[in-house]
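Participant: I would like to see how this sequence folds:
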Amino acid sequence: MDVQDYEYYEARAKDVKLEDITSSQQNADILARLRGNDPKFTNIYIAETVEDGGDFIIRKGDHLGWLGYFVGMSKQVEVLFIEYFPDNLNMDAFFDGLGHNQSIQTLGISTDIEEDFKSLGPFLRNNNSLCGLTFSCFDIGLQCARNIASLLGLRSSLKSLNFGSTDLGDEELVEIATALRTQPQIDELNLCHNHIGSNGCVALGNVLEGVRNPNLATLNLGSNYIDDEGLSALGAGLKNCHKLTSLNLNGNALITGAGLRSLSTLFQSEHCRLEQLNLDQTSIDNNGVAILTAGLARLPTLTKLNLSNNRIGDQGLQALVGGLVNCNIEQLYLSHNSFSVSGLRSLGSLMQRETSLTSLWLGRNAINDEGLECLIEGIVNCCSLQTLNLSINHSITAVGLTSLSTFFRSDNCCLEKLWLWGIDFGDDGAVALAEGLMGNNSLTHVNFDSRGITSRGWSAFSKLLCDTASVNNTYLSNHTLVEIGGYRNVGNPSTIVEYLTLNNLQNCDAAICKILDSHPDIDVEPLFQWKLKCLPLVVTWLESARSYRGNVNESTGTFQCRQLSALYKFVRGMPQLAIDGYRGKKMKDVQSKSKKRKFDQTL
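Facilitator: Numbering: from 1, shown residues only. Predicted coordinates:
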């Protein structure tokens, strides 16, 4: 179909039959919402198939000129993501209409539109709302990088720029980095999962060093080919980024001690305010940690540190603990290294004095029972830890899990999530965990692989969640756990799922529900020692429990029988007191009436 000018669409927009310009009712409905400026329709995803998560699925029969027009005139659309454009449709028609849009704040493109990138010029010039621009999941060649670089000069309101997974190499980054000289306001730059090496880092470092007062706060260079030379050049530019708070270099395995030394120098610079540092999968060894911690010791702003999947041993862990003394670390990721008793003991000492740590990841570290016990000695005094990951430490057995009970029962414990995936601790471990958790009211998730756990292990968890030995035991059971074993309790016995569901219900007192469900004939005899003083309390409790009947599928008639049964037991258990109480009430009524008659006679 021929490309029409904007006036053509403007003159026919109110009367055009949307079914005539779309390939499906779904696409027609989307154009209707755009035409009507539906305030709830703020995101539109253009894709090839429904499986891609698309809203507008482009097929033969869809007129891109009309789609562009309606998107362009919309005042409600805030996010536009283009995952697919077929080669045989005229994209210029779409971009001509898009150029009139003033509401889109984020534009994402994950398909190579080749020379049509130039057609985005009017949109970038006219839209003052645009703050986020994303290119992802297609190969950006040199010419495409030049086209994008020329477009960046048209828009000075951008805050976020994303080039993740675009096969960006050094040549392409050199072109884009040049354009960044005119974009000091950008605060987030994502260049992850590309092929950036030392030359690209030199170009980016030079730009950042030359920009006056750059606003860059988040830089993601994960999964590239950055080496020591590139990191050194980049560090010189990052020293000029006084607002930088997050730096991601994960997956750059070419970085050695020399590169880490330039990072350490950056951390010691006067204006460094880094809060988050990701060095996951960077082949850091003990010597590398020692170099790095010299800078971390001068970085009190650091709150999140990821050193997982490296080659750090006990010596490196001890050096790290010394370097973090002055930091306010909240999240520490150390999974997939190699720690033994001495290293874990030093980490425990950090936990004793570190009051801000909320998340600790120690998965896949060959931790055994002795190492876990040393760690717990420090953790037991930590009053801030909320997440602990010990997954895939295969040497942990029931003995080590028993040591966790000291922490669970500590007054300082505020742990909410415990992950033990990949540890085959069997029934003995399940019993140790369940018994250790008795009395704990902070944990909500305890996740592990349930293979090897039989009815004996599940019975221990059942008793933890609902001890049916007495009403009091049921009341004192655990009512905070909502997930045990598999994710979302998949594969758990039905009774366990039932108890966890009650714990998870909103506006529901799990203890009351469990008592109603487990004690159809409530034993009130233990209350007889207080004679009839507890009778009003029992009546009040039953009245308050009435609203929870639906959670245990109990009928009104059955519940009324409970109430009558409880009253009957009091009367049967203390008949004389009940009779005396009744007589006393009658005598008071008689005396009251007698006094009233005497008073009336005196009038």
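Participant: tell me the contacts of T166?
Facilitator: Residues in contact with T166 (CB atoms under 8 Å, 6 or more residues apart in numbering) are 135-140, 194. All C-beta atoms are positioned from the backbone trio N, CA, C, and that covers glycine.
Participant: let me redo that: P122
Facilitator: P122 touches 95-96, 99-100, counting by CB under 8 Å, 6+ apart.
Participant: which ChimeraX command selects the buried ones in those residues?
Facilitator: Selecting only the buried entries of these in ChimeraX, with 16 or more other CB atoms under 10 Å as the criterion:
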select :95,96,99,100
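Participant: export the contacts of P122 to TSV and tack on distance to S356, secondary structure and pLDDT?
Facilitator: Listed next are these as TSV, based on distance: CB to CB, whole Å; DSSP: H, G, I helix; E, B strand; the rest coil; pLDDT from 0 to 100:
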residue	distance to S356	secondary structure	pLDDT
F95	50	helix	91
D96	54	helix	92
G99	49	coil	94
H100	50	coil	95
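Participant: about what we covered before: just the buried ones among the contacts of T166, please.
Facilitator: Using 16+ other CB under 10 Å as the burial test, the contacts of T166 include 135-138, 140, 194 as buried.
Participant: quick one: the helices in the stretch 51-200 of the chain?
Facilitator: 64-73, 91-98, 121-126, 142-152, 170-180, 198-210 (DSSP state H, counting those that start in this stretch).
Participant: generate TSV for the contacts of T166, with distance to P526 and pLDDT as supplementary columns.
Facilitator: Listed next are those as TSV, based on distance: CB to CB, whole Å; pLDDT from 0 to 100:
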residue	distance to P526	pLDDT
F135	71	95
S136	66	94
C137	67	90
F138	72	91
D139	75	92
I140	75	91
N194	70	97
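Participant: so which of these are in strands?
Facilitator: F135 (DSSP state E).
Participant: one step back: looking at the helices of the stretch 51-200 of the chain, spot the one closest to E19.
Facilitator: E19 sits nearest to helix 64-73 of all the helices of the stretch 51-200 of the chain, at 11.7 Å, using CB to CB.
Participant: which other helices and strands contact that closest one?
Facilitator: Counting contacts by 3 or more CB pairs under 8 Å, 6 or more residues apart in numbering; DSSP states H and E, helix 64-73 packs against helix 6-12, helix 25-35, helix 91-98.
Participant: contact partners of that helix?
Facilitator: If you take CB under 8 Å, 6+ apart as the criterion, helix 64-73 is touched by 1, 3-4, 6, 9-10, 13, 16, 21, 31, 34-35, 44, 46, 56, 58, 77, 80, 85, 89-91, 93-101, 104.
Participant: give me the buried subset of these.
Facilitator: For the contacts of helix 64-73, a burial check counting by 16+ other CB under 10 Å picks out 4, 6, 9, 16, 21, 31, 34-35, 44, 46, 56, 58, 77, 80, 85, 89-91, 93-101, 104.
Participant: mind checking which helix or strand the closest residue to L216 other than its chain neighbours is in?
Facilitator: Nearest residue to L216 in three dimensions, chain neighbours excluded: C241, at 4.7 Å (CB to CB, 6 or more residues apart in numbering). Under the criterion of DSSP states H and E, C241 resides outside all helices and strands.
Participant: quick one on the thing from earlier: ok, so of the contacts of T166, who is nearest D449?
Facilitator: Nearest to D449 among the contacts of T166, counting by CB to CB, is C137 at 33.4 Å.
Participant: from D52, how far out is the closest one?
Facilitator: C137 sits 11 Å away from D52, going by CB to CB, to the nearest Å.
Participant: go on, D38?
Facilitator: Per CB to CB, D38 is found 23 Å from D52.
Participant: follow-up on the earlier one: as JSON lines, the contacts of T166 with distance to T111 would be great.
Facilitator: What follows is the contacts of T166, written out as JSON lines (distance: CB to CB, whole Å):
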{"residue": "F135", "distance to T111": "10"}
{"residue": "S136", "distance to T111": "10"}
{"residue": "C137", "distance to T111": "8"}
{"residue": "F138", "distance to T111": "6"}
{"residue": "D139", "distance to T111": "11"}
{"residue": "I140", "distance to T111": "12"}
{"residue": "N194", "distance to T111": "17"}
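Participant: around the closest residue in space to K239 that isn't next to it in sequence, how many other residues sit close by?
Facilitator: Nearest non-adjacent residue to K239, counting by CB to CB, 6+ apart: S269, 5.1 Å away. Using other CB atoms under 10 Å as the criterion, S269 is surrounded by 17 other residues.
Participant: swap in G557?
Facilitator: G557 has 7 nearby residues by other CB under 10 Å.
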